[in-house]
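[1] Return a 3D structure for these sequence lines:
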Amino acid sequence: MRPSSAASTRASHMGAAGGLSSTARLMEKKKEYEAVLALDKVSAELVERLEALGDDCQIMADAGEIHGSVLEHWSRMFGIINLVVCSREAEGTNAKSASKPPPTAERLVRLEIAALEQVDHSK
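    Take a look at the predicted model:
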């Protein structure tokens, strides 16, 4: 074999090996790019889930404030009921009427179901 043909044969083998190396490297980069795209997609889904969780927590915080304000008014309501009952008892003892039955503390609490349903449906 002539020296020039041996050199060209070696160059062609090196070129083929270099081609295989670059093809393998390209495939590796494609896989890496696909993995980065999958990670980006999963990250976006995680952000959406966390935002939805944040919205749910805000709803629960608002509900807690509402419950707190309702509970704050219960003591006043019972105080008013107690005043009414005491005034009825005082009227009953002042009249000293045996024909009247003793006063009872009837408690009527009215809840507007339609308003609650409208609030529920608006969310």
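
[2] Report the rounded mean pLDDT for the longest helix along the chain.
    For the chain, the helix with the greatest residue count under DSSP state H is helix 3-95. Mean pLDDT, computed over helix 3-95, is 84.

[3] And for stretch 116-123?
    Here the average pLDDT along stretch 116-123 is 69.

[4] Only alpha carbons, please: show the following helix or strand past the longest helix of the chain as PDB.
    Counting by DSSP states H and E, the next helix or strand C-terminal to helix 3-95 is helix 113-122. Taking Å, rounded to 0.1, in the frame of the first residue of the first chain, the C-alpha atoms of helix 113-122 are listed here in PDB:
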ATOM      1  CA  ILE A 113     -81.200  29.700  52.600                       C
ATOM      2  CA  ALA A 114     -81.600  31.500  49.200                       C
ATOM      3  CA  ALA A 115     -78.900  34.000  50.100                       C
ATOM      4  CA  LEU A 116     -76.600  31.200  51.100                       C
ATOM      5  CA  GLU A 117     -77.200  29.300  47.900                       C
ATOM      6  CA  GLN A 118     -76.600  32.500  45.800                       C
ATOM      7  CA  VAL A 119     -73.200  33.000  47.500                       C
ATOM      8  CA  ASP A 120     -72.400  29.400  47.000                       C
ATOM      9  CA  HIS A 121     -73.300  29.400  43.300                       C
ATOM     10  CA  SER A 122     -71.400  32.700  42.600                       C
END
